[in-house]
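[1] Here is a sequence with its predicted model. Questions after.
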Amino acid sequence: MDAIAPFLAADLLGTPAWAWLAFAGLVAALLAFDLGVLHRGDREIGVRESLLLSAGYIGAGLLFGLWVGWLRGADSGIEYLTGFLIEKSLSMDNVFVIALIFGFFAIPRAYQHRVLFWGILGVIVLRAIMIGLGSALVSEFAWVLYVFGAFLLLTGLKMLFMTEKPLDLAANPVLRWMRRHMKISDTLHGNRFWVRLPDPAAPGRTARFATPLFLALVMIEMADLVFAVDSVPAIFAITQDPFIVYTSNIFAILGLRALYFALAAMIGRFRYLKAALALV
């Protein structure tokens, strides 16, 4: 115990290590409960269940924000909640792209939760890398914040006035690269991302093939990476504290992924979403 105490109290990006571990433990517990208890089998998630699951994640995120306010003061709590709301708002556009990806690969609704769940793990890592790089840049070069601000203004104007064009996933360079360099099955194989099949190039042998489920997972991760280019600079305008930036981002994304199934059912009603996101 004497050896552990200094580690827990050690400063990690301006926050004690034990606070980071508490956050990681809470997220891990939520995800384990989600996959291991609520969704052990593959099944279609209805609107009601989606709303309840999202409410649970949002409630956990808000409670964590109250804890941040208690731990670090009211200003930090307000910064967390502001970042949480902005990330939640800006990530709404993700729903349309995710729905398009699932439709392109013909992923049944029964398997969509599995893809989104494992996609969250990728988001946790990718956001950590992007926020870490952003924090390093801001701490070394304060003027980078003005670059972030100009970028967000240009992005908002482009989103507001650009002509709506259908997204051509077949021409996506990442997808084209995977099709050229990987063995990919033509059909789904249950809920599996990888499967062993006879290798056409080597008769009598088998090889590992990626399934369309894996391709959908990669494309959703790439879409989140693109959207993070907008949302991460936005929250740096509120606070440069890596702990607040990262935790508010992750909790907002967890709730949005859970809400996807309800929003996807009403996707045609969001006529003014682009304009609203541009204003945000």
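    Ah, there it is.
[2] Any idea how many residues pack against Val195?
    19 (other Cβ atoms under 10 Å). Yep, even glycine has a C-beta here, placed from its N, CA and C like the rest.
[3] where does the residue nearest to it when sequence neighbours are not counted land in three-state SS?
    Leaving aside its chain neighbours, Val195 sits nearest to His189 (4.4 Å; criterion: Cβ to Cβ, 6 or more residues apart in numbering). With DSSP: H, G, I helix; E, B strand; the rest coil as the basis, the three-state label of His189 is coil.
[4] and His189, how many neighbours?
    By other Cβ under 10 Å, neighbour count at His189 equals 15.
[5] For Ala171, give its distance to Phe84.
    Remark: distance between Ala171 and Phe84 (Cβ to Cβ, to the nearest Å) = 35 Å.
[6] neighbour count winner among these two?
    Set Ala171 next to Phe84 and count neighbours by other Cβ under 10 Å: Phe84 wins out with 24 against 8.
[7] Need the phi and psi values for the more buried one.
    phi -60, psi -50 (degrees, to the nearest 10).
[8] What confidence value was assigned to it?
    With respect to pLDDT, Phe84 scores 91.
[9] For it, give me its contacts.
    Gly61, Leu62, Gly65, Ser248, Phe251, Ala252 (Cβ atoms under 8 Å, 6 or more residues apart in numbering).
[10] how about those residues in CSV, adding distance to Ala24?
    Shown next, in CSV, are the contacts of Phe84 (distance: Cβ to Cβ, whole Å):
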residue, distance to Ala24
Gly61, 15
Leu62, 19
Gly65, 17
Ser248, 15
Phe251, 12
Ala252, 17
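[11] re earlier: quick check: phi and psi on the residue nearest to Val195?
    phi -130, psi 70.
[12] One more: Ile184?
    According to degrees, to the nearest 10, Ile184 has phi -130, psi 130.
[13] My read is that it contacts Ala207, right?
    No: when contacts are counted by Cβ atoms under 8 Å, Ile184 is not listed as touching Ala207 (11.0 Å).
[14] For Val147, see how far away the residue nearest to Val195 is.
    Taking Cβ to Cβ, one finds His189 at 46 Å from Val147.
[15] Just the pLDDT at Pro16, thanks.
    83.
[16] what's the burial count for it?
    16.
[17] what's the spacing between stretch 58-73 and its chain's center?
    On the basis of Cα atoms, centre = their mean, to the nearest Å, stretch 58-73 sits 20 Å off its chain's mean C-alpha point.
[18] Need the residues that contact it.
    Defining contact as Cβ under 8 Å, 6+ apart, one finds that stretch 58-73 is touched by 19, 23, 26, 30, 76-78, 80-81, 84, 244, 247-248, 251-252, 254-255.
[19] go again using 10 Å as the cut-off
    Applying Cβ atoms under 10 Å, 6 or more residues apart in numbering, the contact partners of stretch 58-73 are 14-16, 19, 22-23, 26-27, 29-30, 75-84, 87-88, 241, 243-244, 247-248, 250-256, 258-259.
[20] In helices only, show me those residues.
    Counting by DSSP state H, those place 19, 22-23, 26-27, 29-30, 75-84, 87-88, 243-244, 247-248, 250-256, 258-259 in helices.
[21] Show me just the buried residues among those.
    Buried residues within these, defined by neighbour count using 16 or more other Cβ atoms under 10 Å: 19, 23, 26-27, 30, 76-84, 87-88, 243-244, 247-248, 250-256, 258-259.
[22] what lines up beside the helix or strand hosting Val195 in the sheet?
    Per DSSP states H and E: Val195 is located in strand 194-198. Take DSSP bridges as the rule and strand 194-198 pairs in its sheet with strand 206-210 (antiparallel).
[23] And the next helix or strand past the strand it pairs with?
    Downstream of strand 206-210, the first helix or strand assigned by DSSP H and E is helix 212-236.
[24] angle of that following helix against strand 206-210?
    Counting by axes from the mean of the first three to the mean of the last three Cα atoms, to 10 degrees, helix 212-236 lies at 40 degrees to strand 206-210.
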